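S.K.: this is a predicted model, with the sequence first.
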Amino acid sequence: MIMQRTRIKICGITRPEDLRAAVALGADALGFVFYPKSPRYVTPEQAAELCAALPPYVSAVALFVNATVDEVRAVAQQAPLALIQFHGDETAERCAELAAAVSRPFVRAFRVRPDTSPDELLEYERTYRAASPWFSGLLLDTWVDAYGGAGKVFDWSLVPKELAPRVVLSGGLNVQNATDAVVRVRPFAVDVSSGVEAQKGIKDARRIADFIAAVRGADAIISSENHHERPSEREQPAVPDS
Ligand SMILES: O=C(O)c1ccccc1NCC(=O)[C@H](O)[C@H](O)COP(=O)(O)O
């Protein structure tokens, strides 16, 4: 039986004990927020210190909101970041410029509004993928003024089935809704911040453990369904036109 395994990013890491807990509990990626207005903000120096404890095969993701090239470079020169995540108003060309400046793949966050359409998401991905070979994928979050990290869910039914296997699902996920979110959307990965916190910027190891268990529970449900499907019915992630 092919076992489904949804990747998991724990975002907004600010403390060594939270990094250690997330790694020990099986997180695939850790997010570090370089947006000074965020309560989860870390400096490049703090990120470098935190990431010194990062073991192999766990990715450090750097989050920016409308950063300058110098700000992105300063982080890339000090911390072993694997990926950049753009959460501001960066155009496709700006993302391409910043990613190329530091030779890192990037994830583009799309903040889903109530009037967002599935076609808009498909067109948005096509635009950013076409703009840069450094494009890695879309993270779908909920529209909030603070750019992100608000703990609010959006309407998951808006996620096109052909896009789901390539997206990171985010926005208000927690132990109560994670299994439902993964079974319904079947994203490549999920991302969580508020839902595993005791307070903004302070993660709770028990909540991280319970969240990861809830995602693994969804993976078991999906794997069981796949096992009982005829191979022809099994949906393969659509590979976008190059
Ligand atoms: O986390 C923040 O404080 C933040 C601030 C500004 C831009 C982005 C931010 N976080 C980006 C993330 O990837 C969060 O994990 C994502 O928005 C989901 O957050 P939550 O709804 O709290 O799980």
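M.R.: Perfect, thanks for sending it.
S.K.: rest of the way, CA atoms for contacts and neighbours
M.R.: OK.
S.K.: from the chain's centroid, how far away is whichever strand or helix holds Ile10?
M.R.: Per DSSP states H and E: Ile10 is located in strand 7-11. The chain centroid and the centroid of strand 7-11 are separated by 6 Å under CA atoms, centre = their mean, to the nearest Å.
S.K.: now do the buried residues in whatever helix or strand comes next after that strand.
M.R.: Toward the C-terminal end, the helix or strand that comes next after strand 7-11 (DSSP H and E) is helix 16-24. Residues Pro16, Asp18, Leu19, Ala21, Ala22, Val23 are the ones in helix 16-24 that count as buried (16 or more other CA atoms under 10 Å).
S.K.: give me the subset of those that also touch the ligand.
M.R.: Applying CA under 6 Å from any ligand atom to the buried residues of helix 16-24, one finds that nothing falls near the ligand.
S.K.: what ranges does this protein have for its helices?
M.R.: 16-24, 44-51, 69-78, 92-102, 118-131, 178-185, 205-228 (DSSP state H).
S.K.: export those to a markdown table and tack on mean pLDDT?
M.R.: Listed next are the helices of the chain as a markdown table, based on pLDDT from 0 to 100:
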| stretch | mean pLDDT |
| --- | --- |
| helix 16-24 | 98 |
| helix 44-51 | 97 |
| helix 69-78 | 97 |
| helix 92-102 | 98 |
| helix 118-131 | 98 |
| helix 178-185 | 98 |
| helix 205-228 | 94 |
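S.K.: reformat those as JSON lines; add distance to Trp143.
M.R.: Listed next are the helices of the chain as JSON lines, based on distance: least, CA to CA, whole Å:
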{"stretch": "helix 16-24", "distance to Trp143": "26"}
{"stretch": "helix 44-51", "distance to Trp143": "27"}
{"stretch": "helix 69-78", "distance to Trp143": "24"}
{"stretch": "helix 92-102", "distance to Trp143": "19"}
{"stretch": "helix 118-131", "distance to Trp143": "13"}
{"stretch": "helix 178-185", "distance to Trp143": "18"}
{"stretch": "helix 205-228", "distance to Trp143": "22"}
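S.K.: specify the beta-bridge partners of the residue nearest to the spatial centre of the chain.
M.R.: The centre of the chain sits closest to Asp191, judged by CA atoms, centre = their mean, with a distance of 4.3 Å. Note on Asp191: beta-bridge partners by DSSP bridges are Lys9.
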